[in-house]
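Asks: the amino acid sequence is not available; the structure is as follows:
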């Protein structure tokens, strides 16, 4: 897992992945990225450990450095799953995350309620309800990965 440990949600992400991995008998290694320079260092360490795959979490620093991350994952031939289709559109292998349009719609709902006089502190926490699964078949071909047709059929978006 590629993660910025300074992110407020980092502990939640790491605990959730450790729990899920232990359930299926897998090991997890966390690669920390506190800043832009550490991303390249993390990928240098990834090559030493040689994981089967990489999970990139939804964090601002990692999203802002998506070109660098996708480039490094491709260079090291490391299959990765990303938190949004923004990574797949630039060559990432797979993405699963909240639908950006749905997130913007929710932000609009909040904004509208605040502009109508509601206090932000009293508003309930809204979570995305639409998620999308994206597969980049071009990247899969580059990596020599044969994506099962059943998985491709389940994808919301397939990049040919």
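Replies: Great, that's in hand. None of the values given here were measured: they were computed from a predicted structure.
Asks: as a check, name the ranges of all strands in the chain.
Replies: Under the criterion DSSP state E, strands of the chain are mapped to 2-3, 31-32, 54-55, 80-82, 94-98, 131-136, 157-159.
Asks: elements contacting the last one?
Replies: Going back to what we said before, that points to strand 157-159. If you count contacts as 3 or more CB pairs under 8 Å, 6 or more residues apart in numbering; DSSP states H and E, strand 157-159 packs onto helix 85-88, strand 131-136, helix 137-143. C-beta coordinates here come from the backbone N, C-alpha and C atoms, glycine included.
Asks: can you tell me what sits against the second one?
Replies: Counting by CB atoms under 8 Å, 6 or more residues apart in numbering, the neighbours of strand 131-136 from elsewhere in the structure are 85, 88, 91-99, 147, 151-152, 154-159.
Asks: buried among these? Need that as a selection in ChimeraX.
Replies: Only the buried entries of the contacts of strand 131-136 go into this ChimeraX selection, using 16 or more other CB atoms under 10 Å:
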select :85,88,91,92,93,94,95,96,97,98,99,147,155,159
